[in-house]
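> Structure, please.
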Amino acid sequence: MFARLSLTLLFLFIMACNGHKETVQEECAMVVCTEIYVTLTVSIKNTSGDIIALDSFEVIDTTTGKNLTVNHNDSEYQYYKEQGLYPIFSDKYREQYQNSETTISFKGYISNKVVVDQNFAVGADCCHVKLISGPTEIVLD
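Sure, this is the predicted structure:
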């Protein structure tokens, strides 16, 4: 009799646990993350491998239309131009895009003309943003 009662209680306990759906915050609460700050970048070069300096750029979430372009000062932008590396998505947006994916559009301008128009699939897990698809280097003719 005691064994039967114990099995019944164990069965009810297991069934109660299976019905509990964890939220994203609960799932991520137990994850240990690194302290690094991840920024996804794209490199812009010409066919000779020379760096292309953009006059400006913008990053837009194509689903929401939200502008995700990083605010930068003049010295930061000068660094982007010198390196030919432009930020497209960072851990600033990790919580907003946690455990989901979206498409972002990167547009680069020279003399007010669009010279780069590239889409990227991005997302985030519990710790950092990630590039799902899209090139990390764009070569212009």
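
> what about the closest residue to residue 141 other than its chain neighbours, distance to residue 139?
Sequence neighbours aside, residue 47 is the residue nearest to residue 141 in space, at 6.1 Å (criterion: CB to CB, 6 or more residues apart in numbering). Every residue, glycine included, has its C-beta placed from N, CA and C. Taking CB to CB, to the nearest Å as the measure, residue 47 and residue 139 are separated by 6 Å.

> so where do the helices sit in this protein?
Using DSSP state H, the helices assigned to the chain run over residues 2-18, 24-29, 74-83.

> Please enumerate the strands of this structure.
Secondary structure of the chain (DSSP state E): strands at 39-46, 56-61, 85-90, 100-110, 113-124, 129-133, 137-140.

> Just the buried positions in the last one, please.
Of the residues in strand 137-140, those buried by neighbour count under the rule 16 or more other CB atoms under 10 Å are residue 138.

> Partner strands of that strand and their direction?
strand 39-46 (parallel) (DSSP bridges).

> In the strand it pairs with, which residues are buried?
Under the neighbour-count criterion of 16+ other CB under 10 Å, strand 39-46 has 40-42, 44 buried.

> what does stretch 96-104 give?
97-98, 102, 104.
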